[in-house]
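Enquirer: Sequence plus predicted model, see below.
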Amino acid sequence: MKKPQAMAMSMSRKANHCPLCGKPVAVESKPFCSQGCKDRDLLKWLDEGYRVPGPPADYEDSIGSDGAD
């Protein structure tokens, strides 16, 4: 098991690197290294590449039970 100080240091190192490619973070694109990585991350969210865990949604509940739109 790691010591608390070692864990804090490894966490701070990770915080200084882009979550997509691992390059050092750029101040103007934080927490990413560039505008390109920011855009790739946004596209992944928009393309439903990331998902928030939860129970499956029931389609009929989301449109209403009477079927009228």
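Expert: Happy to help now that I have it.

Enquirer: which residues of this structure score low on pLDDT?
Expert: The model of the chain has pLDDT under 70 over residues 1-14, 61-69.

Enquirer: Residue 25 versus residue 41, what's the distance?
Expert: As judged by C-beta to C-beta, to the nearest Å, residue 41 and residue 25 stand 13 Å apart. For the C-beta atoms, the positions are set from N, CA and C on the backbone; glycine is no exception.

Enquirer: which ones are touching residue 24?
Expert: Listed by C-beta atoms under 8 Å, 6 or more residues apart in numbering, the contact set of residue 24 reads 16, 17, 18, 33.

Enquirer: between these, which is closest to residue 59?
Expert: residue 18 (36.9 Å; C-beta to C-beta).

Enquirer: before we move on, back to that, can you lay out the contacts of residue 24 as a markdown table showing neighbour count and distance to residue 46?
Expert: Converted to a markdown table, those look like this (neighbours: other C-beta atoms under 10 Å; distance: C-beta to C-beta, whole Å):
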| residue | neighbour count | distance to residue 46 |
| --- | --- | --- |
| 16 | 10 | 27 |
| 17 | 15 | 24 |
| 18 | 19 | 19 |
| 33 | 19 | 20 |
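
Enquirer: Counting only strands, which of those residues make the cut?
Expert: Taking DSSP state E, every one of the contacts of residue 24 sits outside strands.

Enquirer: before we move on, the earlier item: find residues that contact each of residue 41 and residue 25.
Expert: residue 32.
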